[in-house]
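Trainee: no sequence for this one, just the structure:
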């Protein structure tokens, strides 16, 4: 897959949660242009065209970012902060998809500009439905600004 054509950036360190998310999106035919970053540093390199992604066109951004908060190297709140602080990336919809139910994480996420905060359901069917609905909404129904 060409990393310049990514529609969904999944930032998730748990192999199990990543596999469940990808499977749920595949079942709805929404995972063809998905890139999975396994930590916050890799996600930032991908988004800003740095490190091993320096040849990637940073002007070609994903349509949506599914972001876990509890990440190694750079945590999800810092990833969110950097995305929303940059003129080039601040319009990308970011959906926090996390197991954290801490109110401070919810409040901080919204203060930083998250578009949606979803707590991961434990039940796979509920999880799959939530992910599929997210994908359908953000990829097919949501209308981003035309200069994005």
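Mentor: Looks like it came in fine. For clarity, every value in this text was computed on a predicted model and none was experimentally measured.

Trainee: ok, now which ones touch the closest residue in space to residue 40 that isn't next to it in sequence?
Mentor: The shortest distance from residue 40 to any non-neighbouring residue, by Cβ to Cβ, 6 or more residues apart in numbering, is to residue 74 (3.0 Å). To be clear about C-beta, it is placed using only N, CA and C from the backbone, and glycine gets the same treatment. Neighbouring residues of residue 74 by Cβ atoms under 8 Å, 6 or more residues apart in numbering: 39, 40, 41, 43, 44.

Trainee: ok, of those, which one's closest to residue 62?
Mentor: residue 43 (10.3 Å; Cβ to Cβ).

Trainee: Name the residues that touch the helix or strand that contains the closest one?
Mentor: Residue 43 is part of helix 40-48, with elements assigned from DSSP states H and E. Outside helix 40-48, the residues within contact range by Cβ under 8 Å, 6+ apart are 3, 9, 11, 35, 37, 50-53, 56, 58, 61, 65, 67, 71-76, 78-79, 82-83, 86, 89, 92.

Trainee: does residue 95 count as helix, strand or coil?
Mentor: strand (DSSP: H, G, I helix; E, B strand; the rest coil).

Trainee: Would you mind measuring from it to residue 8?
Mentor: 10 Å (Cβ to Cβ, to the nearest Å).

Trainee: So for the two, which residue has more residues nearby?
Mentor: residue 8 (24 against 21; other Cβ atoms under 10 Å).

Trainee: quick one: that one from residue 47, how far?
Mentor: 13 Å.

Trainee: hey, what's in contact with both of those two?
Mentor: With Cβ under 8 Å, 6+ apart, residue 8 and residue 47 have common neighbours residue 65.

Trainee: Could you dump the contacts of residue 74 into JSON lines and include neighbour count, distance to residue 120 and pLDDT?
Mentor: Formatted as JSON lines, these follow (neighbours: other Cβ atoms under 10 Å; distance: Cβ to Cβ, whole Å; pLDDT from 0 to 100):
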{"residue": "39", "neighbour count": "19", "distance to residue 120": "18", "pLDDT": "98"}
{"residue": "40", "neighbour count": "25", "distance to residue 120": "17", "pLDDT": "97"}
{"residue": "41", "neighbour count": "17", "distance to residue 120": "22", "pLDDT": "97"}
{"residue": "43", "neighbour count": "27", "distance to residue 120": "18", "pLDDT": "97"}
{"residue": "44", "neighbour count": "21", "distance to residue 120": "22", "pLDDT": "96"}
